[in-house]
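1. Attaching a predicted model along with its sequence, questions to come.
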Amino acid sequence: MKKDIHFPKDDEVHMAIVREKDEGENVWNAYIINTRESKIDTLLLTSKGYSTRQDEDVKTSVLRRQLLNMEPHTAQKAEQIPEELHKLTNEFWLSFYDGNTLYDKKFTFSSHAFESDEHITIPVLEKGGILIK
């Protein structure tokens, strides 16, 4: 049963959204950041967008992707977030292994994150953006 599976807490794998130029246009890209001292592998990332406003019921399809592994202190682009999804809450679920231990984390970027000017320097990437630990 799912309740019998123990998912330990992780503080070293993060997600960030970063505004970058792509073919002359400003776009937002989502990144997975591994600040661990060890490689992580068998990464499974799901993403979806939804509205949290009471007068609006909008949900996107769930996208799934697999990444084979990430070396220590690296970042990997997960996806580009299209402009029409900036008004939605964007949710990411990331599962991965470190050795034989399975980790599962949820990252949620509200629609306000895309409007914020309070960017920090993202570890490993060394670019400004919004980081969720």
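-> Okay, I see it. Nothing here was measured: the structure is a model prediction, and the numbers come from that model.
2. rest of the way, CA atoms for contacts and neighbours
-> Fine.
3. so where's the protein uncertain?
-> Counting by pLDDT under 70, the chain shows low-confidence ranges at 1-2.
4. bridging residues for the residue nearest to the spatial centre of it?
-> The residue lying closest to the centre of the chain (CA atoms, centre = their mean) is residue 15, at 3.9 Å. Beta-bridge partners for residue 15, by DSSP bridges, are residue 32, residue 132.
5. and it, what does it touch?
-> When contacts are counted by CA atoms under 8 Å, 6 or more residues apart in numbering, residue 15 touches 30-33, 107, 131-133.
6. Would you reformat those residues as TSV and include neighbour count?
-> Below are the contacts of residue 15 laid out as TSV (neighbours: other CA atoms under 10 Å):
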residue	neighbour count
30	20
31	20
32	20
33	26
107	17
131	22
132	14
133	13
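7. out of those, who's nearest residue 3?
-> Nearest to residue 3, judged by CA to CA, of the contacts of residue 15 is residue 107 at 20.7 Å.
8. Now do the residue nearest to that closest one when sequence neighbours are not counted against residue 8, distance only.
-> Computed as CA to CA, 6 or more residues apart in numbering, the closest residue to residue 107 that is not its neighbour in sequence is residue 92, at 5.1 Å. Between residue 92 and residue 8 the computed distance is 18 Å (CA to CA, to the nearest Å).
9. if we can go back for a sec, so what secondary structure elements neighbour the helix or strand containing the residue nearest to residue 107?
-> Per DSSP states H and E, residue 92 falls inside strand 89-98. Packed against strand 89-98 by the contact rule (3 or more CA pairs under 8 Å, 6 or more residues apart in numbering; DSSP states H and E) you find strand 40-50, strand 101-109.
10. ok, back up a step: which residues does the residue nearest to residue 107 bridge with?
-> Under DSSP bridges, the beta-bridge partners of residue 92 are residue 47, residue 107.
11. Help me confirm that it comes into contact with residue 81.
-> No: contact status for residue 92 versus residue 81: not in contact, 11.7 Å apart, counting by CA atoms under 8 Å.
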